[in-house]
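Enquirer: Okay, here's the prediction I keep looking at, along with the sequence it came from:
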Amino acid sequence: MAIKLEKGQRINLEKSNGIKLQNLCVGVNWGAIEKKDFGEIKKMEAVDLDASCATFDDNNNMLEVIYFRNLQSQNKSIMHSGDDLTGDMDGDDGLDNEVITVDLAKLPQNVSKIAFVLNSFRGHDFKTIPFASIRIYEGTPIRVNEVFATYDIANDASFAGSVSMVMGILYKINGEWKFNAIGEATRDKELKGTLVTVISKYL
């Protein structure tokens, strides 16, 4: 049974049978915004969120950034599924809009942390987005073998006025990988600023 994460919770990357996760996906799912015109006809406004991640070494030096303009790390241990420009236009379909896959066994030895962030490309306030969630699972961007953990990152009053968020951080300690579910909005307006906040506040 998948773990339902709470803000600030730290978990081991271990399945129910005790086996450590080696290949994992971090998927993000979100919805378009419903609006009504003067005739009360429902219209859907596309929401372009961008899931990204950055790798760091033990000294918190940033090594690589994987995002919609750089869809894979140099050795392909981290892969991005591509840019989703709209979100779910017909309600929650249960599928991830963007997925970042990580092969922990292939990561360069100097990578000790991976930060996952979310930015609203068109500046949509997170508070106005009807639903948004992340999940960690085994599989591929088009196939889910087993969901390991889920995390609701919507419906939080503290998100009002923000267009950037630190979702969580994978980190290695004593040779084992763990996940810290952060789920905090920042006042940054773009990816570059969000990563500066990650370095100064969350590593």
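Expert: The structure has been received and is ready for your questions. Numbering: from 1, shown residues only.

Enquirer: Dihedrals phi and psi, the nearest residue to Phe159 once chain neighbours are set aside?
Expert: In this structure, Phe159 finds its nearest non-sequential neighbour in Phe126, 3.9 Å apart by C-beta to C-beta, 6 or more residues apart in numbering. Any C-beta I mention is one placed from the backbone N, CA and C, and that applies to glycine too. Backbone dihedrals for Phe126, given as degrees, to the nearest 10, come out at phi -60, psi -30.

Enquirer: Neighbours of Phe126, how many?
Expert: Applying other C-beta atoms under 10 Å, we find 24 other residues in the vicinity of Phe126.

Enquirer: Use 57 as the first number for this chain going forward.
Expert: Got it, first residue is 57 now, which makes that one Phe182.

Enquirer: just checking, it touches Ser214?
Expert: No. Shown here, Phe182 and Ser214 do not form a contact pair, counting by C-beta atoms under 8 Å, at 9.4 Å.

Enquirer: Now do the shared contacts for these two.
Expert: Taking C-beta atoms under 8 Å, 6 or more residues apart in numbering as the contact rule, the neighbours common to Phe182 and Ser214 are Ala241.

Enquirer: Which of the helices or strands spans the residue lying closest to Phe124 once chain neighbours are set aside?
Expert: Spatial nearest neighbour of Phe124, excluding adjacent residues (C-beta to C-beta, 6+ apart): Asp139 at 3.8 Å. Element membership of Asp139 [criterion: DSSP states H and E] is none; it lies in no helix or strand.

Enquirer: Show the model's pLDDT score for Asp139.
Expert: Here the pLDDT value assigned to Asp139 is 96.

Enquirer: Cross-check the contact I'm expecting between it and Ser108.
Expert: No. With the criterion set as C-beta under 8 Å, Asp139 and Ser108 do not qualify as a contacting pair; they are 10.4 Å apart.

Enquirer: Can you check which residues contact both of those two?
Expert: Residues touching both Asp139 and Ser108 (C-beta under 8 Å, 6+ apart) are Phe124.

Enquirer: residue ranges of the strands in the protein, please?
Expert: Secondary structure of the chain (DSSP state E): strands at 59-60, 66-68, 79-86, 89-92, 98-101, 105-112, 118-122, 134-136, 154-159, 169-176, 188-196, 199-208, 220-229, 232-242.

Enquirer: higher neighbour count, Asp139 and Ser108?
Expert: Ser108 (22 against 16).
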